[in-house]
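# What follows is a predicted protein model with its sequence.
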Amino acid sequence: MLLIHCPYCGPRDETEFSYGGEADIARPLEPEALSDAEWADYVFLRTNAKGRFKEQWVHTHGCGRWFTMVRDTVTHEHGETGVFGGFEPDAVG
Amino acid sequence: MSGPQFRLPAHVPMGRRIDREAPLAFTFNGETFTGYAGDTLASALLAYGAFPLARSFKYHRPRGIWSAGAEEPNALVQLEAGGYSQPNLRATQVELYSGLTAASVNAWPSVDFDMMRANDWLSPIFPAGFYYKTFMGGGFGAGRWWKLFEPFIRRAAGFGKAPAVPDPDRYERMNAHCDVLVVGGGPAGLSAASIAASRGCRVILADEQAEPGGDMLAGDRVVDGAPALDWVAATLDKLDAAGDVTVLRRTTVAGLYDDNFATAAESVGDRFGPGAPAHLPRLRLWRIRARQIVLAAGAHERPYAFPNNDTPGVMLGNAVRHYAGRYAVVPGRRVLLGTNNDSAYRTARMLADAGIPVTVADARETPPASLAMEAEHAGVTVESGFAISAVLGDRRVRGAKISRILPDGETSGAPRLVETDLVGVSGGWNPALHLASHRRAKPVWNESQACFVPDGLSALGVRAAGAVTGAESLADCLEQGYAAGRDAARAAGRTKRSRKPALKADDSAGPAPIQPLWAVTSRRPGGRKGKSFVDLQNDVTVKDVALAARENYRSVEHLKRYTTLGMGTDQGKTANVTGLALMGMETGRTPGAVGTTTFRPPYTPIPFGALAGRDRGALFDPVRETPMFDWHAANGAVFEDVGQWKRPFAYRRGGESLEAAIDREVRAVRDGVGVMDASTLGKIDLKGPDVATLLNRIYTNDWSKLRVGRARYGLMCHEDGMIFDDGVTARLGDEHYVMTTTTGNAATVQAWLEMWLQTEWPELRVFATSVTEAYATATVAGPEARALVSRLDSDIDWSDEAFPHMAAVTGSVMGVPARVFRVSFSGEASWEINVPAHRGLALWQALIDGGATPYGTEAMHVLRAEKGFIIVGQETDGTVTPFDVGMGWAVSKRKDFIGKRSYNRPDTARPDRKHLVGLLPLDRKVVLPEGGQIVTDPAQEPPVTMLGHVTSSYRSPSLNGGFALALLKNGRNRMGDTVHILKLDGGADPARVVEPVFYDKDGGRLHG
Ligand SMILES: [Zn+2]
């Protein structure tokens, strides 16, 4: 069981997290402009990396935040995490 | 059985680990025995002699105890009976308690009965691969053969029985964190724990035995001029005194996982048997997260093979030493020790000290002079350059032959007869690499020590120390333990300084080299008579390995599967390395080139009860109850599980049948007024300036124009265009909405919103907060609903003009703020009243007192199905689009939303997809089976053309008969057709395809 370092909470057991697949799959801004093949690529196809893989996780039973993490799919070594941008709670009146 | 004649007398200075003042009676295979506190079941039995106590797996040969530890392949027992019973325990690890009852797991039909020996006499037809080739190979009716033989083979195979009744015991789970976890309490482990503790580490030391000490427990080792066990005791005292050290005895680290997570099973009440004090759990499962791990798991002695090496009375050489030293048991009068390394001399010395005649057959031409001289001085006969070449006797060792041995395992010259009744064999040592293997650290072959040693561990935060590294001397074990503990403390970030203890072991000179020896036998067909076993638990012989090589099953994985080598419950602890070394000899490769298979957790079996812990029965899964639950329970509710929620399915009155209750509830809603507990619906509060934008992207329909005080139904899809949830969202204020979801999907939808908001649209200013449990919800429906709600103590105007269909009103109901939505899932005028949860029961009671009939989920299902309203997960299954269910009206053409682009994909745009239709059985008494397959011709020869299936089916009091919803291929173009729905018990029911709206097609009743 991995010990995942949530960028917001620190190291926590993997069982507190949910896996969100490959990171950096951006939703196309103009889906209607895509061919069927291009749309299918976005909807269905993901990199099946052997080795370092950037993926997204969410701290479901913790802070509830999504973040990215690089994990080696062969050795399970994992490290660099990254956060998503966005507004801070204080920004809302 | 005569008395415990093989227990050494009390004046012999051995057996310090038993308490001769505390005799314990126990029963084995129906006979009564006596042992002592401190005995294992195995040592207590061996005190009566090395008699056969089990039958082997395949050939049903008599077998005795083989080892003194976790590696035991033969002595598997079924402990106790009834719910307490546990199969396949190793007698070598079962601590004796008063009244213990055990039996061999594989003794069918009895240990003494010889019928099954037929397998042995017929063994030429039972070679390796027999099962595989005969039953699984196919080609000649293999399946038929398997059916014929399976019951016989299964019964003959034995291997314990799972208890047939629930486990009455309690198991616990403990989570722990530490700087350093030390696995194993032998010299290396104790040394490591000691230094790590002195450097300020939080330490957990886990040892599988009743007391730490490892090999030193035999009692013949010396540290600093005193018995090594004095040092063990002093070290344990020191560890106990240190603040942050936990010493776990009887605790087997069973699995090692990523990032140094370990599971360990601690035997707690277990060792007292069924009469254990009630406050003790039987076992405790530890889940340990360690910064650093010191792996000091020791090594298992391995045998070399020779003909009839499985005869009871043959065992591992070091096991002989441990039974003598720890338990004062030597199950023989004259002992022969076969060895190829130094370790047998310690055993010989101990036996000689006990006055037992010993012969050592050392395969090495020139054993170390000092050892041989010392042994001979103690009266031990040493035969250099000799190995055991046969054992005589059938059910017991009656003698043995030793022969001059050549480097390839062949013998030369005539064998010599040795008078003996106990044979100890040592072919070297296999480091216990199992836990390293769990971490995917590939071991490497050490040629000079002839063993696999761990490699690549330190990068994983694991440090190996002691015999697990191949270390053979006590001095090396102590030194390695110190170094590993010191380095682990440093790596864990503990910088406290402490002095290195100066310890002097009794063997700092180190051992002489081993001379590899795997089998004394001819591997060629027609060679030496008698089976030479490699894997005792799975009955794999030297010839089987040779056969696998000849048939080209040469990779270690093929060898394993073809011969079943190492596939027993012991995972081949004493067998694997010998098997693959023999494969290497057959194929001209070193053992390192053959490689090893991967060990999997657990190291030794763990009962399911320990894994489940307290997560069983009522604690298996949380139960969620609404604020009105007690009322439901007191008023005849039959509950159904919806996710973790308990929802009333229907309320039975008096002696009413369930069907009658559902009919009555449906009629009440259609003709009067009903009330349903809808508190379980997911409720998500959405706040912020960008909620409408979010809703537009998440839902298929348009949300730009929704005014404050209005509600709207929406469908959610995934990007593949398939429906995954639906529900009503109401706008309560400029920047305040509340979304409802299906009961089962509340958490999923919340997570879905969060994922998009956080990862894709962080610019949207929206808070999504689950408020499901903050509100209790009562749905009031029926032609008399308005009259009823109008009588509530409330400031809300309930008139159709002020509160029309799809309006959302906030106001006061019974003195608390309420959110009321005029929405309908029944087709009747209907108000969904949400009040703070603590007022839910009061609201409910007021509605009941006002004359509403409570209705459950099944009546709700009938009411909505009559209207053709879908239930996500019932009419949909992740392959259904809004268009498929006739809800194209809820799909916006003007905006983009999740899934929209997929409707232009060729398969999604097909006009003949499965469509939601209604079905009316031609026989009005029939209720079609849900899930029933739809065909046009029930008489069609298979494969039958399946057109779809029934998704919902009920009896309707309003329609006076059965009706159903179905997904039917090209269904919208089959209106009026007759189709047939297959029944499970054969036959088919004809039904007419109709529009999926059965009741009040123009929707007039909504306005009540
Ligand atoms: Zn977190």
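Cool, got the structure.

# what's the distance between the residue of chain B most remote from its centre and B:H1007?
Distance to the chain centre peaks in chain B at B:E801, reaching 61.0 Å (criterion: C-alpha atoms, centre = their mean). Distance, B:E801 to B:H1007, using C-beta to C-beta, to the nearest Å: 11 Å. In this view, the C-beta of every residue, glycine as well, is placed from N, C-alpha and C.

# Need the residues touching each of these two.
Common neighbours of B:E801 and B:H1007, counting by C-beta atoms under 8 Å, 6 or more residues apart in numbering or on different chains, are absent.

# where's the residue farthest from the centre of chain B relative to the ion, distance?
From B:E801 across to the ion, the span is 50 Å (C-beta to the ion, to the nearest Å).

# what secondary structure does that residue sit in?
coil (DSSP: H, G, I helix; E, B strand; the rest coil).

# Apart from its neighbours in sequence, what residue is nearest the residue in the stretch 851-1000 of chain B positioned nearest to chain A?
Across the stretch 851-1000 of chain B, the shortest distance to chain A (C-beta to the nearest C-beta) belongs to B:R901, at 3.6 Å. Excluding its sequence neighbours, the residue lying closest to B:R901 (C-beta to C-beta, 6 or more residues apart in numbering or on different chains) is A:P31, at 3.6 Å.

# Could you list which residues are in contact with the one you found?
A:W39, B:D896, B:K900, B:R901.

# Return the residues in contact with the residue sitting nearest the centre point of chain A.
Nearest residue to the geometric centre of chain A (C-alpha atoms, centre = their mean): A:Q56, 1.2 Å. Shown in contact with A:Q56 (C-beta under 8 Å, 6+ apart): A:G20, A:G21, A:E22, A:A23, A:W66, A:F67, A:T68, A:M69, B:T759.

# in what helix or strand does the nearest residue to the third one once chain neighbours are set aside lie?
Setting aside the residues directly before and after it, A:E22 is nearest to A:R46 in space (C-beta to C-beta, 6+ apart), at 4.7 Å. Assigned by DSSP states H and E, A:R46 falls within no helix or strand.

# pretty sure A:R46 is touching A:I25, no?
Yes - the criterion here is C-beta atoms under 8 Å, and A:R46 meets it with A:I25 at 7.3 Å.

# More neighbours: which of those two?
Taking other C-beta atoms under 10 Å in any protein chain shown, A:R46 and A:I25 do not tie; A:I25 has more neighbours (17 against 12).

# That one and chain B: what is the separation?
To chain B, A:I25 is 9 Å away according to C-beta to the nearest C-beta, to the nearest Å.

# how would you label that residue: helix, strand or coil?
coil.

# For it, give its distance to B:V397.
Distance from A:I25 to B:V397, by C-beta to C-beta: 69 Å.

# Repeat that for B:V253.
35 Å.

# Neighbours of the nearest residue to B:E866 once chain neighbours are set aside, how many?
Counting by C-beta to C-beta, 6+ apart, B:E866 lies nearest to B:Y999, which is 3.9 Å off, once chain neighbours are set aside. Look at B:Y999: counted by other C-beta under 10 Å, it has 19 neighbours.

# if we can go back for a sec, contacting residues around the residue nearest to A:E22?
By C-beta under 8 Å, 6+ apart, the contact set of A:R46 is A:G21, A:E22, A:I25.

# picking up where we left off before, the more surrounded of B:V253 and B:V397?
For the pair B:V253 and B:V397, the greater number of neighbours falls to B:V253 (30 against 25), based on other C-beta under 10 Å.

# The more buried one bridge partners, please.
Note on B:V253: beta-bridge partners by DSSP bridges are B:A264.

# And the pLDDT at it?
With respect to pLDDT, B:V253 has a value of 98.

# go on, the one 10 residues further on?
Listed pLDDT for B:T263 reads 98.

# burial of residue 33, as a residue count?
Just so you know, I chose chain A. Neighbours of A:A33 (other C-beta under 10 Å): 10.

# That was the other one, I meant chain B.
B:F33 - counted by other C-beta under 10 Å - has 20 other residues nearby.

# and it, helix, strand or coil?
strand.

# What does B:A375 show for phi and psi?
Per-residue torsions, B:A375: phi -60, psi -50 (degrees, to the nearest 10).

# Surely it is in contact with B:S384?
No - if you go by C-beta under 8 Å, B:A375 and B:S384 don't touch, sitting 11.1 Å apart.

# The two: which has the busier surroundings?
Ranked by neighbour count (other C-beta under 10 Å), B:A375 and B:S384 place B:A375 first, with 23 against 14.

# what's in contact with stretch B:627-640?
B:646-653, B:658, B:661, B:677, B:679, B:776, B:778, B:837-838, B:840-841, B:844-845, B:848, B:854, B:856-857.

# Any of those buried? List them.
Burial by neighbour count, judged by 16 or more other C-beta atoms under 10 Å in any protein chain shown, picks out B:646-652, B:661, B:677, B:679, B:776, B:778, B:837, B:840-841, B:844, B:848, B:854, B:856-857 from the contacts of stretch B:627-640.

# Out of those, list just those in strands.
Among the buried ones among the contacts of stretch B:627-640, the ones falling in strands (DSSP state E) are B:K646, B:R647, B:P648, B:F649, B:A650, B:Y651, B:D677, B:A776, B:A778, B:P854.

# which element is B:G409 on?
Counting by DSSP H and E, B:G409 is held by no secondary-structure element, helix or strand.

# in the chain, which segments are predicted with low confidence?
Reading this off chain A. Scanning chain A for pLDDT under 70 picks out the ranges A:86-93.

# um, chain B though
In chain B, residues with pLDDT under 70: B:1, B:107-158, B:522-528.
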